[in-house]
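Visitor: Quick one: sequence plus predicted model below, questions after.
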Amino acid sequence: MLIYHISNQTEWDAAQQAGVYQADSLASEGFIHCSTREQILPVALRFYKGRTDLLLLAIETERLSAPVKFENLEGGEILFPHIYGPLNLDAVAARAPFPPQPDGSFQFPAF
């Protein structure tokens, strides 16, 4: 199964140097926020509007070294995938630039 994570080039470059990807949320919340394909565009619009430096990572859950849990920690009904540990780079099946459209919305990239 593919899940998606919004990153940026600076974070991705740091992951290449370190050999693993560790989002800020891993240290502060204990997991890396991800989304399903259906969730990623609303998440991008809500949290990343106006950002022009984004990358979208497509992650194969079967290749993850860390556990992934589908949950909603805010009490809602929609479950989001969370990776509970560093993201091993070989689980990233693809990545693509994820720029906003002129109106500020996002489109799912062609990988």
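Guide: Here it is on my side, so go on.
Visitor: any chance you could map the helices in the chain?
Guide: For the chain, helices defined by DSSP state H occupy the ranges 9-18, 24-29, 37-47.
Visitor: export those to TSV and tack on mean pLDDT and distance to Ile83?
Guide: For glycine as for every other residue, the C-beta is placed from the backbone atoms N, C-alpha and C. Formatted as TSV, the entries for the helices of the chain read as follows, by pLDDT from 0 to 100; distance: least, Cβ to Cβ, whole Å:
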stretch	mean pLDDT	distance to Ile83
helix 9-18	95	13
helix 24-29	94	8
helix 37-47	96	15
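Visitor: If we ignore the residues flanking it in sequence, what's nearest Ala58?
Guide: The shortest distance from Ala58 to any non-neighbouring residue, by Cβ to Cβ, 6 or more residues apart in numbering, is to Ala94 (4.4 Å).
Visitor: If the residue lying closest to Leu79 once chain neighbours are set aside is in a bridge, with which residues?
Guide: Of all residues not flanking Leu79 in the chain, Phe70 sits nearest, at 4.1 Å (Cβ to Cβ, 6+ apart). Judged by DSSP bridges, the bridge partners of Phe70 are Pro81.
Visitor: Give me the pLDDT value at the nearest residue to Asp53 once chain neighbours are set aside.
Guide: Distance criterion Cβ to Cβ, 6+ apart; nearest residue to Asp53, sequence neighbours excluded, is Asn8 at 4.6 Å. pLDDT recorded at Asn8 is 95.
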